[in-house]
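# From the sequence below, what's the structure:
(one chain, ligands or ions: 3)
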Amino acid sequence: MSHGEQRIFVELGSRRYPIAIGAKTLHQLGALLAETFANTNRRVFIISNPTVAQHYLATAQASIVAAGFNHQAADVALMDDGEQFKSLASFSAIVDHLTSQQVSRDCIIVALGGGVVGDLAGFVAATWQRGVPFVQVPTTLLAQVDSSVGGKTAINHPGGKNLVGAFHQPSAVLIDIATLATLPDREFLAGLAEVIKYGIMADGEFFDWLESNLDAILARDSAALIYAIRRSCEIKADVVAADETEQGVRALLNLGHTFGHAIESYTKYQSWLHGEAVAAGMLMASRLAAQTGHLAVTDCQRIEKLLQKSGLPLTPPASMTADDWIALMSRDKKVKAGKIRFILPTAIGAAVIVDDITQQQLVAIL
Ligand SMILES: NC(=O)c1ccc[n+]([C@@H]2O[C@H](COP(=O)([O-])OP(=O)(O)OC[C@H]3O[C@@H](n4cnc5c(N)ncnc54)[C@H](O)[C@@H]3O)[C@@H](O)[C@H]2O)c1
Ligand SMILES: O=C(O)C(=O)C[C@@H](O)[C@H](O)[C@H](O)COP(=O)(O)O
Ligand SMILES: [Zn+2]
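Ligands and ions are numbered 1, 2, ... in the order given. Model (predicted):
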């Protein structure tokens, strides 16, 4: 473990894996791989995108080579940058690359980037030769607090978000908060939305802490960031360990996503960032909860205030009609027996899955 690095674990029995969190930890990537995979005589293949690669690829590669792994310049595939490229076409292009480079089943895939790279690279790892190990090196706040942990991998389909995917856990997650130095503010705020999600759905004290420390977080103070990332990862790790494949409690991590994914699909993944759509979706879910008596109005107001102070967009596209909403939300993966299921907060720090929202109640908040 490097100086100042903190570790938590996702407890999945024999598939237990570490989340290493620190500053300048990217230099330790090779060492973490060596520790994770006993045999360094393996080929390491990196999936990233040009935006991330220009800043961090060389450091990642140098560290992997220094640790003794087999890695050449051609063992890198860069996908196009953007949510619209979390697609079958990008997946196919990367598989073509793996084929042309004759990458065998004993390879290790490294996902270096934000949630888009991580979700797609994870899906490649889940399916390449029926599954190879992979390591997540998340470089956005959103990926560090959420997408790199828990093994949900996916690509989008024009018919809906993350419609094609697999559960495939990483073998390790390496978080380097120094990579956030180059992250644009808008992307940073999108990640903050998922941090706030954990406070609302699971930990009222963490929500209090976020209210009190919002300025430090927005100033990207290292200590505040490390704490926010660590607490987010702890909450997610606990939920994933309890319900890896979302048979029950894991659905609570979807707070704000029923509405949020509808916004993303409606806008064709082009104008709203995932975290922004989740922020607007969390406010809608909170209002629905308050209106249906699940949540105190004062708690709903606190949620709205924190989201607003963070500077996240909270008003969905005005052109979305109730029919648009219902059609898009009907494709949500939480739908059961034809019923849309919503995650509603019941207090600051608790949430439930609800499947008896009436059309009238829904239309009232849409
Ligand atoms: N698997 C999961 O559990 C899970 C959880 C949450 C979100 N997601 C998915 O994650 C995706 C969103 O991820 P995201 O918010 O990280 O978006 P992203 O991956 O598109 O990254 C945002 C932007 O930041 C750039 N970038 C990344 N790291 C950078 C850095 N250090 N410096 C400068 N630029 C950098 C990227 O190139 C991109 O332009 C969505 O597809 C969402 O569905 C998945
Ligand atoms: O890990 C989970 O479980 C989540 O729901 C985390 C979400 O933040 C994430 O956006 C996830 O990809 C959504 O999954 P989906 O099953 O609704 O597509
Ligand atoms: Zn999300």
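# Just give the nearest non-adjacent residue to the residue most central in space within the chain, would you?
Closest to where the C-alpha atoms of the chain average out (Cα atoms, centre = their mean) is residue 147, at 2.2 Å. Of all residues not flanking residue 147 in the chain, residue 115 sits nearest, at 3.6 Å (Cβ to Cβ, 6 or more residues apart in numbering). Glycine gets a C-beta too; all of them are placed from N, C-alpha and C.
# And that neighbour, what's its pLDDT?
According to the prediction, residue 115 has pLDDT 98.
# What segments of the stretch 1-150 of the chain are helices?
29-36, 50-66, 88-100, 115-127, 141-142 (DSSP state H, counting those that start in this stretch).
# try the stretch 151-300 of the chain
Using DSSP H, counting those that start in this stretch, helices in the stretch 151-300 of the chain cover 185-202, 204-218, 222-242, 257-266, 274-291, 297-310.
# want to throw those helices into CSV with mean pLDDT, mean neighbour count and distance to residue 143?
Converted to CSV, the helices of the stretch 151-300 of the chain look like this (pLDDT from 0 to 100; neighbours: other Cβ atoms under 10 Å; distance: least, Cβ to Cβ, whole Å):
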stretch, mean pLDDT, mean neighbour count, distance to residue 143
helix 185-202, 98, 24, 8
helix 204-218, 98, 16, 17
helix 222-242, 98, 19, 10
helix 257-266, 96, 25, 16
helix 274-291, 98, 25, 10
helix 297-310, 98, 16, 18
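# Can you lay out those helices as JSON lines showing distance to ligand 2?
What follows is these, written out as JSON lines (distance: least, Cβ to the nearest ligand atom, whole Å):
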{"stretch": "helix 185-202", "distance to ligand 2": "6"}
{"stretch": "helix 204-218", "distance to ligand 2": "16"}
{"stretch": "helix 222-242", "distance to ligand 2": "7"}
{"stretch": "helix 257-266", "distance to ligand 2": "5"}
{"stretch": "helix 274-291", "distance to ligand 2": "6"}
{"stretch": "helix 297-310", "distance to ligand 2": "16"}
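# Present those helices as TSV; the columns should include distance to residue 43.
Output for those, formatted as TSV (distance: least, Cβ to Cβ, whole Å):
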stretch	distance to residue 43
helix 185-202	31
helix 204-218	39
helix 222-242	28
helix 257-266	35
helix 274-291	31
helix 297-310	42
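# what helices or strands is the longest strand anywhere in the chain leaning on?
When the chain is parsed with DSSP state E, its longest strand is strand 160-167. Counting contacts by 3 or more Cβ pairs under 8 Å, 6 or more residues apart in numbering; DSSP states H and E, strand 160-167 is packed against helix 115-127, strand 152-157, helix 257-266.
# Closest residue of the chain to ligand 2?
residue 162 (3.3 Å; Cβ to the nearest ligand atom).
# Tell me if I'm right that that residue and residue 119 touch.
Yes - if you go by Cβ atoms under 8 Å, residue 162 and residue 119 touch, sitting 7.4 Å apart.
# quick one, what contacts the residue of the stretch 251-366 of the chain found nearest ligand 1?
Here the residue of the stretch 251-366 of the chain nearest ligand 1 is residue 274; by Cβ to the nearest ligand atom that distance is 3.9 Å. Residues near residue 274 by Cβ atoms under 8 Å, 6 or more residues apart in numbering: 83, 115, 142, 190, 260, 264.
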